[in-house]
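1. Whatever this is, show me its structure:
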Amino acid sequence: MAQSSTIGSAETIPNTEKVLSMWRSFLRDVARVKGGQRSKVIEAMADTDIYIEGISERGKLLNLTGNEAIEYKVADFISNDYEEILAHFNIPYNSVVKVEEGMELKNCKGLIQPLYEYFTFNYRFCRYGNRNIYSGIWNWRDY
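-> All right, here's what the predicted structure looks like:
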């Protein structure tokens with residue numbers, strides 16, 4: 001993890017029991033591969049029903065700072081230095097391939113972004129028109 005970073009709030013959207021159950025089992029399995037003591041901490045990041053005394057709050061998703069992630073064995077290492085990260089995990093620098101974005105990709109991103117925002121806004125408006133789209137800022141019935 002990088003310094004001043006956080007980890008958590010991994011709840012699924014939509015938050016149905018079926019999807020949440022699958023996601024928790026996936027996270028639990030990943031945590032067990034890395035070391036079993038982390039599994040409940042990782043699950044608490046995805047499920048508000050999981051409470052760990054002294055770590056999480058009841059009814060809230062768990063979020064950890066970088067230092068807390070180290071303390072609870074969710075993260076292995078904290079650094080902002082690229083070479084230090086490679087050295088810590090014994091990754092030789094010559095096996096790292098850095099790929100730069102070409103001008104074509106940058107242009108496509110610039111063209112697509114406004115269209116993406118337009119269509120996602122309209123989708124939310126059509127689907128949730130009678131509910132507040134932006135957390136109570138406005139409602140279509142107000143106009």
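
2. quick one: what helix or strand has Ser25 in it?
-> Using DSSP states H and E, Ser25 falls within helix 17-34.

3. Can you give the contact residues for that helix?
-> 10-12, 38-39, 41-43, 45-47 (C-beta atoms under 8 Å, 6 or more residues apart in numbering). C-betas here are computed from N, CA, C, even on glycine.

4. Only the buried members of these: can you turn that into a PyMOL selection?
-> Per 16 or more other C-beta atoms under 10 Å, the buried members of the contacts of helix 17-34 correspond to this PyMOL selection:
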select buried, resi 10+38+39+41+42+43+45+46+47
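
5. Which one of the contacts of helix 17-34 is nearest to Gly102?
-> Of all the contacts of helix 17-34, Ala10 has the smallest distance to Gly102: 32.8 Å, by C-beta to C-beta.

6. ok, back up a step: return the subset of the contacts of helix 17-34 lying in helices.
-> 39, 41-43 (DSSP state H).

7. Any chance of the residues you listed in a markdown table with pLDDT and distance to Ile91 as columns?
-> Shown next, in a markdown table, are the ones in helices among the contacts of helix 17-34 (pLDDT from 0 to 100; distance: C-beta to C-beta, whole Å):
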| residue | pLDDT | distance to Ile91 |
| --- | --- | --- |
| Ser39 | 81 | 27 |
| Val41 | 86 | 26 |
| Ile42 | 85 | 24 |
| Glu43 | 85 | 29 |
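
8. the domain parsing of the chain - what is it?
-> 6-95, 99-131 (automatic domain parsing).

9. between those domains, which has the poorest average model confidence?
-> Sorting the domains of the chain by mean pLDDT places domain 99-131 lowest, at a mean of 74.

10. And the strands in the chain, which stretches?
-> 6-8, 63-65 (DSSP state E).

11. what's the most buried one of those strands?
-> strand 63-65 (a mean of 18; mean count of other C-beta atoms under 10 Å).

12. What helices and strands are in contact with that one?
-> Judged by 3 or more C-beta pairs under 8 Å, 6 or more residues apart in numbering; DSSP states H and E, the packing partners of strand 63-65 are strand 6-8.
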